[in-house]
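1. here you go, sequence then predicted model.
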Amino acid sequence: MGKLIDLSVKLIRKYLPDPFVFAIILTIVAALAAMISTGQSPLDVVENWGGGVWSLLAFSMQMALVLVCGSALADAPLIKRGLRKIAAFPKTPAAAITTVTLVASVACWINWGFGLIVGAIFAKEIARAVKGVDYRLLIASAYSGFVVWHSGLSASIPLAMATEGASLVEVSRGTITSAIPISQTIFATYNLIIVFLIIAALTVVNTLMHPSPEKAFIVDPALLGDAEEIKENNLCGATGEKECKIEWKLTPSEKLNNSILLSGIISVMGLGYLIIRLFVNGGGLDLNSVIMLFMFLGIILHKTPIKYVKAVTNASSSCAGILLQFPFYAGIMGIMTSASAEGVSLAGQISEACVAISNKTTFPMLTFLSAGIVNVFVPSGGGQWAVQAPIMLPAGMQLGVEPAITGMAIAYGDAWTNLIQPFWALPALAIAKLNAKDIMGYCLIDLFVVALIVVLGFLFLV
């Protein structure tokens with residue numbers, strides 16, 4: 001296994017370009033494929049691409065905020081101390097990889113936005129505490145847990161199927177006339193078994209992938225602190241004092257900037273709204289709720305408004321990849337989902353090719369695989385559902401496959417190839433200060449492991 005891992009890591013590091021270049025290449029591939037397979041002209045493809053470029057603006061802002069607010073929360077002194085105490089439990093590199101994989105996987109199953117950020121932050125703290133752990137594999141292990149998000153409590157496709165309304169009937173082309181409860185999707189026995197097997201397998205495989213000490217990529221723990229912390233330590237260290245205190249007379253404006261009362265009032269408002277929404281009105285913990293939770297906990301734990309401003313400013317530099325690349329992926333989605341004059345789209349053709357070679361037994365498995373292919377170009381659960389559901393749900397019904405199973409097959413495929421798609425790795429990479437090629441070699445091994453489990457699960461458990 002060691003040689004296979006070394007080969008995977010070397011190939012990815014040698015041939016995988018920067019995520020932005022990868023997005024450009026995918027754009028060109030999608031454009032050429034759309035022209036060849038759907039008969040669209042170059043002008044049509046360019047119009048579809050340009051029309052889609054700004055379709056993820058709201059989502060891009062959400063992802064930027066979840067990264068910034070999550071990082072700022074982790075930068076609060078209380079959270080830092082808590083994370084470092086937990087990170088001190090693993091004593092060996094193997095235990096560190098095991099712990100990070102389990103924590104990230106469970107957190108992502110609970111809520112993908114929460115797990116994606118917390119997993120990376122926790123992995124970074126583990127790297128500071130455990131000597132000899134491979135930093136690249138540690139971050140890869142944290143990101144690998146993201147693969148179970150679409151079978152968990154924040155899964156967009158199962159939750160969409162559980163939401164009554166005309167849109168559900170429309171997207172399923174009439175095959176679903178009433179909401180499908182999550183007891184048949186997220187909490188279905190076969191799904192829980194598959195999730196358990198994936199988490200267990202990832203934990204074992206990631207731990208076994210840890211290289212020998214002489215090959216491990218070790219990072220100096222001092223370099224893993226944020227810029228403000230490093231600067232402060234350097235200044236204090238130069239004086240030889242344990243504490244550095246600077247005293248000055250506050251002006252009225254500075255008193256407002258450092259007002260604990262103002263932070264308390266606005267945090268009570270924000271957290272109070274969340275409590276009402278989640279527990280009184282029975283709303284779900286969606287991405288916006290996660291952002292609000294990160295934001296107002298961060299404000300109150302940083303104590304003063306100006307300290308929170310500084311924490312957000314430090315974290316904001318990590319958003320460059322999201323701001324630059326998400327519009328390009330939105331453009332790729334425009335190419336993939338836009339239909340020709342005959343009503344043919346590239347994503348639709350991939351789905352229909354799967355249907356053409358399926359029977360009742362193989363349909364869920366092939367739906368999963370086709371969804372994985374589409375996800376490389378359309379890395380959005382909602383976008384993928386809109387493209388594949390109108391094709392796969394009616395076809396599954398004709399073959400005798402329940403819509404709940406078809407929907408979960410699409411969901412698993414959507415999550416599966418995220419392991420080799422830099423789109424979702426950007427927040428974790430920004431926190432870790434790594435490039436996609438640093439972790440994707442390990443994630444490629446995980447990709448095949450997860451595929452084996454899901455394929456066998458759909459063949460023998462449903």
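-> The structure has been received and is ready for your questions. Numbering: from 1, shown residues only.

2. how's this protein carved up into domains?
-> 2-225+318-460, 251-317 (automatic domain parsing).

3. what mean pLDDT does the longest one get?
-> It refers to domain 2-225+318-460. Domain 2-225+318-460 shows a mean pLDDT of 91.

4. how far does it sit from the chain's center?
-> 6 Å (Cα atoms, centre = their mean, to the nearest Å).

5. what about the helices in the stretch 201-350 of the chain?
-> Listed in chain order, the helices of the stretch 201-350 of the chain (DSSP state H, counting those that start in this stretch) span 227-239, 252-257, 260-275, 287-302, 305-316, 320-337, 346-356.

6. of all these, which lies closest to W149?
-> Taking Cβ to Cβ, helix 287-302 is the member of the helices of the stretch 201-350 of the chain nearest to W149, at 11.4 Å. To be clear about C-beta, it is placed using only N, CA and C from the backbone, and glycine gets the same treatment.

7. just want the angle from the closest one to helix 260-275.
-> Angle of helix 287-302 versus helix 260-275, following axes from the mean of the first three to the mean of the last three Cα atoms, to 10 degrees, is 150 degrees.

8. contacts for stretch 36-51?
-> Stretch 36-51 is contacted from outside by 27, 31, 34-35, 331-332, 334-335, 338-340, 342, 344-346, 349, using Cβ atoms under 8 Å, 6 or more residues apart in numbering.

9. ok, and for that stretch, which residues are buried?
-> 37-38, 40, 44-45, 48-49 (16 or more other Cβ atoms under 10 Å).

10. cool, and stretch 269-289?
-> 270-271, 274, 277, 285-287, 289.

11. ok, back up a step: for the domains of the chain, which one ends up most surrounded?
-> The highest average neighbour count among the domains of the chain, using mean count of other Cβ atoms under 10 Å, belongs to domain 2-225+318-460 at a mean of 20.

12. and the end-to-end length of that one?
-> 31 Å (Cα to Cα, to the nearest Å).

13. what's I266 in contact with, if anything?
-> Contacts for I266 (Cβ under 8 Å, 6+ apart) come out as 296, 299.

14. tell me the pLDDT of it.
-> If you check I266, the pLDDT there is 96.

15. what's the separation between it and M292?
-> Using Cβ to Cβ, to the nearest Å, I266 is found at 12 Å from M292.

16. repeat for V280
-> From V280 over to M292 the distance is 15 Å, taken as Cβ to Cβ.

17. which helix is the longest one in this structure?
-> With secondary structure taken from DSSP state H, the chain has its longest helix at helix 436-460.

18. show me what that helix is packed up against.
-> Helices and strands touching helix 436-460, by 3 or more Cβ pairs under 8 Å, 6 or more residues apart in numbering; DSSP states H and E, are helix 2-15, helix 135-144, helix 189-208, helix 363-377, helix 403-416, helix 422-432.

19. please work out the angle formed by the directions of the fourth one and helix 436-460.
-> Regarding helix 363-377 and helix 436-460, their directions subtend 160 degrees when assessed with the same axes, to 10 degrees.

20. swap in the fifth one?
-> For helix 403-416 and helix 436-460, the angle between their directions (the same axes, to 10 degrees) works out to 160 degrees.

21. next one: stretch 257-268 to chain centre, how far?
-> Its chain's C-alpha centre and that of stretch 257-268 lie 32 Å apart, by Cα atoms, centre = their mean.

22. ok so, going back, please identify which of the helices of the stretch 201-350 of the chain is closest to I420.
-> helix 320-337 (14.4 Å).

23. circling back: quick check: which of the helices and strands packed on helix 436-460 is nearest to A356?
-> helix 363-377 (9.6 Å).

24. helix or strand for I176, which one?
-> Per DSSP states H and E, I176 falls between elements, in no helix or strand.

25. between the buried residues of stretch 36-51, which is closest to N359?
-> Distances from N359 to the buried residues of stretch 36-51, taken as Cβ to Cβ, are shortest for S37 (24.5 Å).

26. what angle separates the helix or strand where the closest one lies from helix 320-337?
-> Using DSSP H and E, S37 sits in helix 19-38. Per the same axes, to 10 degrees, the angle that helix 19-38 makes with helix 320-337 is 0 degrees.

27. then the next helix or strand after helix 19-38 to PDB, C-alphas only?
-> Using DSSP H and E, the helix or strand that follows helix 19-38 in sequence is helix 42-52. Only the C-alpha atoms of helix 42-52 are listed here, as PDB (Å, rounded to 0.1, in the frame of the first residue of the first chain):
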ATOM      1  CA  PRO A  42     -19.500  28.300 -29.800                       C
ATOM      2  CA  LEU A  43     -21.600  31.500 -29.400                       C
ATOM      3  CA  ASP A  44     -24.300  29.500 -27.600                       C
ATOM      4  CA  VAL A  45     -21.800  28.000 -25.300                       C
ATOM      5  CA  VAL A  46     -20.100  31.300 -24.500                       C
ATOM      6  CA  GLU A  47     -23.500  32.900 -23.800                       C
ATOM      7  CA  ASN A  48     -24.400  30.000 -21.500                       C
ATOM      8  CA  TRP A  49     -21.100  30.300 -19.700                       C
ATOM      9  CA  GLY A  50     -21.400  34.100 -19.300                       C
ATOM     10  CA  GLY A  51     -25.000  33.800 -18.100                       C
ATOM     11  CA  GLY A  52     -24.000  31.400 -15.400                       C
END
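
28. wait, L426 touches P19, no?
-> Yes: if you go by Cβ atoms under 8 Å, L426 and P19 touch, sitting 6.7 Å apart.

29. please enumerate the shared neighbours of those two.
-> Residues touching both L426 and P19 (Cβ under 8 Å, 6+ apart): 321, 325.

30. and the gap between the spatially closest residue to P90 that is not a sequence neighbour and C108?
-> For P90, ignoring the flanking residues on the chain, the nearest one in space by Cβ to Cβ, 6 or more residues apart in numbering is A96 at 4.3 Å. According to Cβ to Cβ, A96 and C108 sit 18 Å apart.

31. give me the angle between the helix holding S37 and helix 346-356.
-> Using the same axes, to 10 degrees, helix 19-38 lies at 60 degrees relative to helix 346-356.

32. quick one, grab the pLDDT at the residue of the chain most remote from its centre.
-> The centre of the chain is farthest from one residue, K249, which by Cα atoms, centre = their mean lies 45.3 Å away. pLDDT recorded at K249 is 70.

33. for it, give me its contacts.
-> Shown in contact with K249 (Cβ under 8 Å, 6+ apart): no residues.

34. what do you get for I12?
-> Contact analysis of I12 by Cβ under 8 Å, 6+ apart lists 437, 440-441, 444.

35. please repeat the previous calculation with a cut-off of 6 Å.
-> Contact analysis of I12 by Cβ atoms under 6 Å, 6 or more residues apart in numbering lists 437, 440-441.

36. make JSON lines out of the residues you listed and add distance to I453.
-> Formatted as JSON lines, those follow (distance: Cβ to Cβ, whole Å):
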{"residue": "K437", "distance to I453": "26"}
{"residue": "M440", "distance to I453": "20"}
{"residue": "G441", "distance to I453": "20"}
